[in-house]
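Participant: Below is the sequence, then the predicted model.
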Amino acid sequence: MMSAVSPVIAENAETEYTIDDVRNLQDFLLTKPTENLSGKNYDLDSDNAWTVFDLCLMKREVFSPDDEQENTLVVYFSRTGNTEKIVDITGADVFEIEAKIPYTDEDMAYNNSTCRANQKQNDKNCRPEIAQSVDNFDSYDIVYLGYPIWWYVAPTIINTFLESYDFSGKKIVLFATSGGSGFGKTVDGLKGSVSADTEIVEGKLLNDKLSENKLKKWVESL
Ligand SMILES: Cc1cc2nc3c(=O)[nH]c(=O)nc-3n(C[C@H](O)[C@H](O)[C@H](O)COP(=O)(O)O)c2cc1C
């Protein structure tokens with residue numbers, strides 16, 4: 001087990017740790033060069049040494065799952081279930097976009113050029129109505145927004161969703177599933193539905209080849 005003695009053990013004062021503290025302690029334990037850490041209160045378990053246990057405790061404080069997720073909302077639209085995959089991964093609140101008039105299988109038969117889904121996609125100004133609304137939308141800063149790719153872009157009901165709330169200053173992380181196409185121009189198609197100070201991040205295509213483990217790593221990296 002890795003163990004090291006701290007240069008100076010600080011008084012056991014209440015400390016609010018940051019990501020920089022995690023990095024400092026990690027570097028110290030790996031004997032990498034660090035800034036002067038004298039006086040830092042890194043002895044979280046009070047055993048008069050800075051050890052890997054202190055690092056674990058510190059990480060738990062800094063990366064508390066509750067803290068991380070409380071301002072995060074996962075929103076998804078999924079007609080055949082593929083796009084739901086990420087929902088369990090984040091542990092955040094979830095909102096499913098459901099069309100006010102539900103899509104039937106017939107509506108979704110996209111090989112038929114006049115099926116309802118195709119009609120809604122052909123008219124870029126179409127804004128299909130959504131059945132419910134998000135409670136306390138203002139309390140969320142990060143919104144993961146997932147959808148199936150329909151004719152290389154997001155379904156127009158996603159534009160309806162974006163235009164229903166004030167996303168100013170918020171961050172939107174997109175995810176999608178498809179039958180094989182990439183994200184294409186979906187980001188461009190959505191930007192017009194939010195204000196200029198909304199950050200939209202092109203996330204991942206969650207097609208089958210992406211394992212749950214990789215998904216978790218991706219969510220953590222955000
Ligand atoms: C109207 C319509 C258009 C579609 N267009 C595409 C497409 O352009 N490229 C693609 O790879 N898949 C396309 N698909 C397939 C869906 O993107 C894919 O099946 C997706 O995983 C469905 O997600 P869901 O199960 O969450 O609804 C289309 C499906 C529908 C219904």
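Facilitator: It's in. What you are looking at is a predicted structure, and each value in this text was computed from that prediction instead of being measured.

Participant: Only C-alpha atoms from now on, for both contacts and neighbour counts.
Facilitator: Fine.

Participant: Need the distance between the two termini of stretch 113-127.
Facilitator: Counting by CA to CA, to the nearest Å, you get 19 Å between the two ends of stretch 113-127.

Participant: In it, which residues are buried?
Facilitator: If you call a residue buried by 16 or more other CA atoms under 10 Å, then stretch 113-127 has these buried ones: R116, A117, N118, K120, Q121, R127.

Participant: Residue numbers of this structure in contact with the ligand?
Facilitator: The chain comes close to the ligand at residues 78-83, 108, 110, 117-118, 148-152, 177-181, as judged by CA under 6 Å from any ligand atom.

Participant: List only buried entries from the residues you listed.
Facilitator: The neighbour count (16+ other CA under 10 Å) marks 78-79, 82-83, 110, 117-118, 148-151, 177-178 as buried among the residues of the chain next to the ligand.

Participant: Of those, which belong to helices?
Facilitator: When DSSP state H is applied, those are split such that A117, N118 fall in helices.

Participant: quick one: the most centrally placed residue in the chain and G179, what's the gap?
Facilitator: For the chain, the residue sitting closest to the mean C-alpha position, by CA atoms, centre = their mean, is Y144 at 4.7 Å. In this structure, Y144 and G179 are 21 Å apart, going by CA to CA.

Participant: go on, D197?
Facilitator: Summarising the geometry, the distance separating D197 from G179, computed by CA to CA, is 32 Å.

Participant: was I right about L55 contacting D27?
Facilitator: No - between L55 and D27 there is no contact under CA atoms under 8 Å: 10.5 Å.

Participant: Give me the spatial nearest neighbour of G189, chain neighbours excluded.
Facilitator: V153 (7.1 Å; CA to CA, 6 or more residues apart in numbering).

Participant: Got the phi and psi for that neighbour?
Facilitator: Backbone torsions for V153, taken as degrees, to the nearest 10, come to phi -140, psi -180.

Participant: for it, what are its contacts?
Facilitator: Under the criterion of CA atoms under 8 Å, 6 or more residues apart in numbering, the contact list for V153 reads F183, G184, K185, T186, G189.

Participant: Show me where the chain dips below the pLDDT cut-off.
Facilitator: Using pLDDT under 70 as the threshold, the predicted model of the chain has low-confidence ranges 1-13, 63-70, 85-91, 208-217, 219-222.

Participant: That one: strands as residue ranges?
Facilitator: Counting by DSSP state E, the segments of the chain that form strands are 3-4, 50-51, 72-76, 93-96, 142-148, 171-177, 199-205.

Participant: Please point out which parts of the last one sit buried.
Facilitator: This points to strand 199-205. E199, I200, G203, K204, L205.

Participant: which residues touch that strand?
Facilitator: For strand 199-205, with CA under 8 Å, 6+ apart as the criterion, the contacting residues are 169-178, 182-183, 187, 191.

Participant: Can you pick out the most distant pair from those?
Facilitator: Greatest spatial distance in the contacts of strand 199-205: G169 and S178, 28.9 Å, computed using CA to CA.
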